[in-house]
Structure formats: C-alpha cells, structure tokens
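In: Give the three-dimensional model of this entry:
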Amino acid sequence: MALQANEPRASYLTPLTPEKVAGGALRTLFRIADAWQLGSKDLIKLLGSPPRSTFYKWKGGDVTTLPQDVLERISYIFGIYSALQVLLPKPEAADGWIKKPNTAPLFGGKSALDRMLSGQVADLYVVRQYLDAQRGG
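Out: Coordinates of the predicted model:
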C-alpha cells in the first residue's frame, strides 16, 4: 500500500541526513581499508586525494558531509568489496585479491589495487564492472 501525499510518514522511518550518510559511509570504508590492509596514503588516493588534514578529520569522525565525488568513489569501493565477498567467500582470499597480480587484460599483470590507485574514479568503476561481469551480473 503506497502512502498518499498528505499522509504522515510512520514514526519508525528516520530520514537520512548528509551527516548520517557521511559518517556511516566513512566508518564502513575504514573497516574495508583495514580488511584490505591499506595505509592512509593509498586510502587518500582512492578518495580522490583530499587534503591530508581533511582525511584525518574524517578518520577521527569529524564529518558533516562528503563531496559527491568522494561518495561516488566510496560507492564503487563498497561494490568492489561486496563483489569480492560473493566471488571469493573466504575472507582472506576476498581481501587479498586486490593486491595480487592479475593476468586479465584489464590489469596487464598488475593488481586491481594498482589500477584503482591511478587516481581516476573511472578506474574504480572499471574494477567494479570487471567484478560484476565475473559474477555474471
């Protein structure tokens, strides 16, 4: 049953604020970075090279909103992480995959992380697209 335009929302639905989205996204991103054993330098690059002071504020939980391009990058990283969990059910294999050399033409013998660290958001997209194709999606 759809809500009519003049009906109030149920009290259990809490609207997402930019602060809630940003904080939750970053907390999850930092957990993924830990699982992938990424240092701050690599994570800063994956986020599009924000100023180090900004990055460390985010890491400390001091965040109100995130720029749209950073949210896009985080979204691709989430997709990559999720696809790896499906493709490689053992956490060690899934988390280690991004650092292993890959013979697929897309990677040219380098790792997915090497491709992702080029600094271009398109490279995050390409890695995610590759993994989605491997899943059959």
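In: Pull the distance from stretch 111-118 to the chain's centre.
Out: The gap between the average C-alpha position of stretch 111-118 and the chain average comes to 14 Å, counting by CA atoms, centre = their mean, to the nearest Å.
In: So residue 109: helix, strand or coil?
Out: Following DSSP: H, G, I helix; E, B strand; the rest coil, residue 109 is assigned to coil.
In: Run through the bridge partners of the closest residue to it other than its chain neighbours.
Out: Nearest residue to residue 109, sequence neighbours excluded (CB to CB, 6 or more residues apart in numbering): residue 101, at 5.5 Å. In short, each C-beta sits where N, CA and C put it, glycine included. Using DSSP bridges, the beta-bridge partners of residue 101 come out as residue 111.
In: Tell me how many other residues crowd residue 101.
Out: 11 (other CB atoms under 10 Å).
In: quick one, what contacts it?
Out: Going by CB atoms under 8 Å, 6 or more residues apart in numbering, residue 101 touches 107, 109, 110, 111.
In: cool, and residue 87?
Out: Contacts of residue 87 by CB under 8 Å, 6+ apart are 94, 131, 134, 135.
In: Just these: which are in helices?
Out: 94, 131, 134, 135 (DSSP state H).
In: Isn't the last one up against residue 86?
Out: Yes: using CB atoms under 8 Å, residue 135 is in contact with residue 86, at 5.8 Å.
In: rewinding a little: top of the contacts of residue 101 by neighbour count?
Out: For these, neighbours tallied by other CB under 10 Å; top is residue 107, 18 neighbours.
In: where does that residue land on pLDDT?
Out: Looking at residue 107, its pLDDT is 95.
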